[in-house]
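>>> Kindly return the folded structure for what I paste below:
(chains A, B, C and D)
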Protein chains: 2
Amino acid sequence: MVEVTDILDVLDRAGHRRTAPRRTVAELIAEREGHFTADSLLDESRERHLGVDRATIFRSLELLAELGVVERLDLPSGEHAFVACEARHHHHVVCSSCGRSTGVADHGLDRIAAAIGTATGYRIDTHRLELFGTCPACQAGGPL
Amino acid sequence: MVEVTDILDVLDRAGHRRTAPRRTVAELIAEREGHFTADSLLDESRERHLGVDRATIFRSLELLAELGVVERLDLPSGEHAFVACEARHHHHVVCSSCGRSTGVADHGLDRIAAAIGTATGYRIDTHRLELFGTCPACQAGGPL
DNA sequence: ATTTTTGCAAATCATTTGCATATAT
DNA sequence: ATATATGCAAATGATTTGCAAAAAT
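I've put the predicted structure just below:
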């Protein structure tokens, strides 16, 4: 669970201003269980008359992604989405049915990345693992 | 190395027509060492007066991606790109400097995916691993 | 007071679509 | 002959930008 104050604190620490629109965006993000698109935040900002503009949403998400509070996600559909991250989790499992996602720790992937580096001669800087499937709730015939 | 004829054969086998524009797209793809964007193919089609239209390029890439001849890639920058695939390789290492990419086999990732499934309770359907780094040539101060 | 951030509107960029024509089978 | 694929141009959708006004430091 990512809290609004966590997000604001990260902004603070990085020397960015604590503005009302950013607080609102942080609230919208903290409410989300799973992944979300920029557009869905915009829709909600409109429906609830929060007055946060499209540009601000995109700018905030970009900033938060830089700061590692959210992570850009590319769904298998090609859609761009985001998820809130707890700092510890490097990767995400995303439910294809309800969109909920769970952060996961590194289960030995680093070693594999290293092995692939050796095998190919590449110096590996980053890797990105995205897993897609069905979450426990949806398997049980739950949500959506 | 992916050959033009490989690509055309896959189209054939799947019951798609061998058309001149598709042959051209196949040639453009086969020439590429690494990843490429739809747009870069379009540019080249224009520069070399190959007469293949934007829409055709997008439609061909979509088709080839469905058939597994190319794979959609999401670069860390968020750009959408493609790489030609040899069938065996599930994942790609992409050079951040020159864009060249190499297919890699599964080095035990399946086991990790399974472990993550167990740990989270998700039924995992797909995973996607993308690795980014510097290729041997660029490390040697080579290309770009 | 100064710098950063915002909203607005317009611009840009990538991708998709409708439709009449051309081409492969 | 028939179904599929293409080019064109226009539509769509997402994201970005310039700029003057507003808010945070």
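
>>> does any bit of the helix or strand of chain A with the lowest mean pLDDT sit next to chain B?
Confidence across the helices and strands of chain A bottoms out at strand A:101-104, with a mean of 83, counting by mean pLDDT, DSSP states H and E. Yes: using Cβ under 8 Å from any Cβ of the partner chain, strand A:101-104 reaches chain B at A:Thr102, A:Val104. Using the backbone N, CA and C atoms, a C-beta is placed for each residue, glycine as well.

>>> Name the next helix or strand following that strand along the chain.
helix A:109-120 (DSSP states H and E).

>>> For A:Val34, give me phi and psi.
Rather than Val, residue A:34 is Gly. Main-chain torsions, A:Gly34, degrees, to the nearest 10: phi -130, psi -140.

>>> which is the next helix or strand following the helix or strand encompassing A:Thr126?
Following DSSP H and E, one finds A:Thr126 within strand A:123-134. Scanning forward in sequence from strand A:123-134 by DSSP H and E, the next helix or strand is helix A:136-139.

>>> And the average pLDDT for that following helix is what?
The average pLDDT within helix A:136-139 is 90.

>>> Okay, and the beta partners of the closest residue to A:Leu129 other than its chain neighbours?
The spatial neighbour of A:Leu129 that comes closest, neighbours along the chain excluded (Cβ to Cβ, 6 or more residues apart in numbering or on different chains), is A:His91 at 4.5 Å. For A:His91, the beta-bridge partners under DSSP bridges are A:Val104.

>>> dump the residue contacts of A:His91.
A:Gly103, A:Val104, A:Asp106, A:Leu109, A:Arg128, A:Leu129, A:Glu130, A:Leu131, B:Ile116 (Cβ atoms under 8 Å, 6 or more residues apart in numbering or on different chains).

>>> Count the neighbours of the fifth one for me.
Here the count is done by other Cβ atoms under 10 Å in any protein chain shown, and A:Arg128 has 18 residues near it.

>>> who's in contact with the closest residue to it other than its chain neighbours?
Of all residues not flanking A:Arg128 in the chain, B:Glu130 sits nearest, at 4.7 Å (Cβ to Cβ, 6+ apart). When contacts are counted by Cβ under 8 Å, 6+ apart, B:Glu130 is found next to A:His127, A:Arg128, B:Leu73, B:Asp74, B:His91, B:His92, B:Val94.

>>> Could you check how many residues crowd around the closest residue to A:Phe132 other than its chain neighbours?
Sequence neighbours aside, B:Thr126 is the residue nearest to A:Phe132 in space, at 4.7 Å (criterion: Cβ to Cβ, 6+ apart). A count of nearby residues for B:Thr126, using other Cβ under 10 Å, gives 12.

>>> and A:Leu129, how far is that from A:Glu3?
As judged by Cβ to Cβ, to the nearest Å, A:Leu129 and A:Glu3 stand 26 Å apart.

>>> Settle it for me: which of these two has more neighbours?
Counted by other Cβ under 10 Å, A:Leu129 and A:Glu3 do not tie: A:Leu129 has more neighbours, with 24 against 11.

>>> Just the element for whatever residue of chain A ends up closest to DNA strand C, please.
Nearest residue of chain A to DNA strand C: A:Thr56, at 3.0 Å (Cβ to the nearest atom of the strand). For A:Thr56, the host element (DSSP H and E) is helix A:54-66.

>>> and the residue nearest to the spatial centre of chain A, what does it touch?
Geometric centre of chain A, nearest residue: A:Val83, 1.7 Å, by Cα atoms, centre = their mean. When contacts are counted by Cβ under 8 Å, 6+ apart, A:Val83 touches A:Gly34, A:His35, A:Phe36, A:Val70, A:Glu71, A:Leu73, A:His92, A:Val94, A:Ser101, A:Gly103.

>>> Look up phi and psi at the residue lying closest to it once chain neighbours are set aside.
Once flanking residues are discounted, A:Val83 sits nearest to A:His35: 4.7 Å by Cβ to Cβ, 6+ apart. Phi and psi for A:His35, reported as degrees, to the nearest 10, are phi -80, psi 160.
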